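Participant: need coordinates for the below:
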Amino acid sequence: MPTLIGNENIGFELKLTELREEAGQSLQDYELIFHVNGKTRVFSNQPVITRPTPHLVELNNQTVGRFSFNIQPHNEIEKLSKHINDFINNPKRSEMFFEPADPSFELRIERTRHSDGANELLDLSEEEYKVYLWIDGGNSTKLEYTWDAEGIRFLINKTALNHFATALYRVQQ
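Facilitator: Have a look, this model is predicted:
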């Protein structure tokens with residue numbers, strides 16, 4: 001499973017689950033698993049029951065959101081792997097961004113900047129990166145479309161980022 005764990009035991013895992021066909025598309029369901037200091041939080045396509053409130057609709061055991069990558073006609077897992085590799089191999093790019101076609105999360109990776117110690121920012125790092133991963137809570141519940149919910153951010157090195165991109169490439173083959 002593609003896993004990206006940062007410098008302080010913070011990171012996430014992408015666990016592929018069911019491959020299915022829907023409306024002429026191949027979809028790969030997945031779980032996003034946050035890891036923070038030995039604790040985990042799983043986001044996936046799981047049935048839930050909610051209580052009605054003035055702003056929400058009762059779901060009555062319906063699946064909340066779609067944590068699914070499009071595989072056919074366009075392979076989003078392959079696209080994510082390629083975006084990460086292109087970013088790593090282009091030291092002039094300061095950041096990369098990815099969000100699946102059916103938004104359930106947002107991934108942003110930035111190069112860190114070196115400092116000369118006097119608060120002067122120098123060149124972009126080719127070895128250390130900041131990772132931001134936010135669950136798109138609004139889209140994942142299909143009830144709101146304008147807010148991001150839980151998220152994590154952490155630092156990683158180039159080796160870890162390369163391993164993650166390689167693992168993504170391998171699982172989609």
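Participant: remind me, longest strand of the chain?
Facilitator: Longest strand of the chain, by residue count under DSSP state E: strand 121-135.
Participant: paired strands for that one, with orientation please.
Facilitator: strand 105-115 (antiparallel), strand 151-157 (antiparallel) (DSSP bridges).
Participant: which of those strands sits closest to residue 16?
Facilitator: Closest approach to residue 16 among those (Cβ to Cβ): strand 105-115, 14.2 Å. For glycine as for every other residue, the C-beta is placed from the backbone atoms N, C-alpha and C.
Participant: name the surrounding residues that touch that closest one.
Facilitator: With contact meaning Cβ atoms under 8 Å, 6 or more residues apart in numbering, strand 105-115 is reached by 32, 43, 67, 80, 84, 87, 91, 93-99, 121-126, 128-136, 148, 155, 161.
Participant: in this protein, which residue is closest to the centre?
Facilitator: By Cα atoms, centre = their mean, the chain has its centre lying nearest to residue 107, at 4.6 Å.
Participant: distance check, that residue against residue 151.
Facilitator: Distance, residue 107 to residue 151, by Cβ to Cβ, to the nearest Å: 10 Å.
Participant: and if you look at residue 135?
Facilitator: For residue 135, the distance to residue 151 (Cβ to Cβ) stands at 6 Å.
Participant: no further queries at this time; thank you.
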